[in-house]
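**Student:** Generate a structure from the sequence data that follows.
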Amino acid sequence: MKILPSELIHRIEQRFRRLYGEERVPRLRARLTQLLSYYEHIEAPADPTPWSHQDAILAAFGDSVTTEDDKPLRTLERWLDQYLDGAFSCLHLLPFHPANPGEEYAVRDHRRVDPALGDWEDIGALARQHRLMVDLLLGRISRDSDWFRDYVDGISPARGYFVALPPDTDLGRVESPCGTPILTCIQTRRGERHLWTSYGCDQFDLDFRNPDVLFEFIDILLGYVDHGARLVRLDGVAWLWKDPDTCSVDLAEDHEIVKLLRDVVAIVAPGVLLAGDDGGFFGNGDECQLLYTRPLGALLVHALHSGDAGHLYRWLESLPEPPPGCGYIHQSDDADGIPLKAASDHLPDAEFERLTAWLTERGAAITPYRHGEALLPFEANLSYFDALADPGQPVTERHIARFLCAQTTLMSLRGIPALHLPSLLAAPSDYRRVEATGNPRAANRRRWRWQELADLLQDPGNHETRIFRELLRRLRLRRDHAAFHPDAPQFLLPLDGGLFGVRRTAPDGSETLAAVSNLGHQPHPVIPNRLIPDLAHYPVKQDLISGRPLEGHEDRPLLLEPGQCLWLSAACSQPSP
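**Tutor:** Below you'll find the predicted structure:
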């Protein structure tokens, strides 16, 4: 058996002690040592440069693209190779397990691949072609799972996996990510039980106060790594630990669990990165290495509809500096739509109400979360393309420009850009899927038949093809410029009139880049020399997006139309091909 790093083991013992008490520590350590021995064969060495400006993430379901004659996971692999040509370095494969019909996140078995999609060999094939990210859906499981059935029947160990409370428990302080009642009554062989259900009555919260639950998920996490995952998104990490006397969100125990998972991964596969979907989970550089900027998508929608970039600026100013070895992922929308709760902290009440009204006008269902007895907006269930539409009109040039502007702006920020496949394809909300599943979140989970998508992308005149090709072009442009490195410093440019901009400098100093987006409703001039000091002294300077050289034009205004973006690059020499 491999000798385990004493420092890491000591840290893990401390975490066990804080979570479960002194008496349990020896047994938990022995149990972990045994579990880790099963994964000694994993080879995932630490990468001294875990990300670069050549990285971008594409999020897709295993059956996003299908054919009649092959497994969906194999079809997806072929489609990525044929149509994306290396524009994305990482595939974020969204939940691929057996799950409730119409709700892919209501997982029945975290250790199995849904046979309708393929098998673990197909997952491994994707991992060999792309840096693979998967979701670890912590904290809940489907009503139709074996764990839940065992709980109902009183079979160990699952009889201790769920959170049962007296029906009259005061939950007035509890915050829950779903607007449904927090307790759901069920019948078991031991009688009536009231279980904690943060995600609706078809999914039951798991009780991390029981170390058996934690060990289940350590094993599941390492199983993903064994099958090729190199990034793991920890879903719902802020809602793990249950304490009815608190808000039960973002508790110290939640952070301790994430730190423990990070320590375990550091022992078995130090090259694997953990990503969190909630702010504050960098810790002191000892929790997640990557965090999603959840407010960004909604704040971009607000800026583009209002013509005011001020709230976006103020949010970015308040964004904490990542600890060394950590960074951000910027994504406008996800499989549920557009996150709203995180954005509510960065908009005045009146502006947040305007935002939700704009989204509702464009077809969004607003899913609430529960804070005590209050129901507050949690997310907007619609596609990002629809969120930027002109209501009641066909797709306009202004709509296309707004959408490209939003995605280009997030590509410009310090961090790693990520796109959800329906956004890459400028898809409208899938209301047929919503109706078929009864799930409003299905609006942003569109699927395509291969031939349907091939026919769509063969037409150079439709907006889907135009946006698809332009987003891929801009992603490839970005790959060639070190000023877009996720660690490249970022300086906010003092612009007004609906303009938003940042200045980036390559880590080796070889390039300075000013990224400016016109989020306003009127054309605005920008003067290149004011964006990059001493611009005239750089031998190579151009707008990367238009390809326009700027030699001799450093002091001349450039007019940015609404929705237009500028990537002004000033380099010491031409980038290597």
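
**Student:** Tell me where the stretch 401-550 of the chain has helices.
**Tutor:** 421-424, 431-437, 450-458, 463-479, 528-531 (DSSP state H, counting those that start in this stretch).

**Student:** Return the most buried member of those helices.
**Tutor:** The highest mean neighbour count among those, using mean count of other C-beta atoms under 10 Å, belongs to helix 421-424: a mean of 25. Using the backbone N, CA and C atoms, a C-beta is placed for each residue, glycine as well.

**Student:** Could I get the average pLDDT for it?
**Tutor:** Averaging pLDDT along helix 421-424 gives 98.

**Student:** swap in stretch 368-375?
**Tutor:** 89.

**Student:** quick check: domain ranges of this protein?
**Tutor:** The record's domain split for the chain, according to automatic domain parsing, is 57-88+90-129+293-479, 140-207, 488-571.

**Student:** looking at the ones you listed, which is closest to residue 10?
**Tutor:** Smallest distance to residue 10 across these (C-beta to C-beta): 20.8 Å, for domain 57-88+90-129+293-479.

**Student:** Of all the helices of the stretch 401-550 of the chain, which one comes closest to residue 539?
**Tutor:** Comparison of these against residue 539 by C-beta to C-beta identifies helix 528-531 as nearest, at 14.9 Å.

**Student:** picking that back up, in TSV, list the domains of the chain along with distance to residue 219.
**Tutor:** What follows is those, written out as TSV (distance: least, C-beta to C-beta, whole Å):
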stretch	distance to residue 219
domain 57-88+90-129+293-479	8
domain 140-207	13
domain 488-571	38
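
**Student:** Out of the ones you listed, flag the one nearest residue 223.
**Tutor:** Distance to residue 223, taken as C-beta to C-beta, is lowest for domain 57-88+90-129+293-479 among these, at 6.2 Å.

**Student:** roughly how far is the closest one from the heart of the chain?
**Tutor:** Here the centre of domain 57-88+90-129+293-479 is set off from its chain's centre by 9 Å, with C-alpha atoms, centre = their mean, to the nearest Å.

**Student:** Packing partners of whichever strand or helix holds residue 343?
**Tutor:** Element membership for residue 343, per DSSP states H and E: helix 341-344. Helices and strands touching helix 341-344, by 3 or more C-beta pairs under 8 Å, 6 or more residues apart in numbering; DSSP states H and E, are helix 296-306, helix 349-361, strand 374-381.

**Student:** buried set for the last one?
**Tutor:** In this case it means strand 374-381. Buried residues in strand 374-381, counting neighbours by 16 or more other C-beta atoms under 10 Å, are found at 377, 378, 379, 380, 381.

**Student:** And for stretch 136-144?
**Tutor:** For stretch 136-144, a neighbour-count test (16+ other C-beta under 10 Å) marks 136, 137, 138, 139, 140, 141, 142, 143, 144 as buried.

**Student:** And for stretch 177-190?
**Tutor:** Neighbour counts over stretch 177-190 (16+ other C-beta under 10 Å) mark 177, 178, 179, 180, 182, 183, 184, 186 as buried.

**Student:** same deal with stretch 277-296?
**Tutor:** The neighbour-count check on stretch 277-296 (16+ other C-beta under 10 Å) flags 277-279, 281-283, 286-296 as buried.

**Student:** Out of the residues you listed, list just those in helices.
**Tutor:** Counting by DSSP state H, those place residue 296 in helices.

**Student:** Return the subset of the buried residues of stretch 277-296 lying in strands.
**Tutor:** Applying DSSP state E to those, the entries found in strands are 290, 291, 292.

**Student:** Redo those residues as TSV? Include pLDDT.
**Tutor:** Conversion of those to TSV gives the following (pLDDT from 0 to 100):
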residue	pLDDT
290	97
291	97
292	97
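
**Student:** what does the helix holding residue 343 contact?
**Tutor:** The contact list for helix 341-344, computed with C-beta atoms under 8 Å, 6 or more residues apart in numbering, reads 279, 294-295, 297-299, 302, 352, 355, 369, 376-379.

**Student:** Recalculate using a threshold of 6 Å.
**Tutor:** Residues lying outside helix 341-344 but in contact with it, judged by C-beta atoms under 6 Å, 6 or more residues apart in numbering, are 294, 295, 298, 299, 352, 378.
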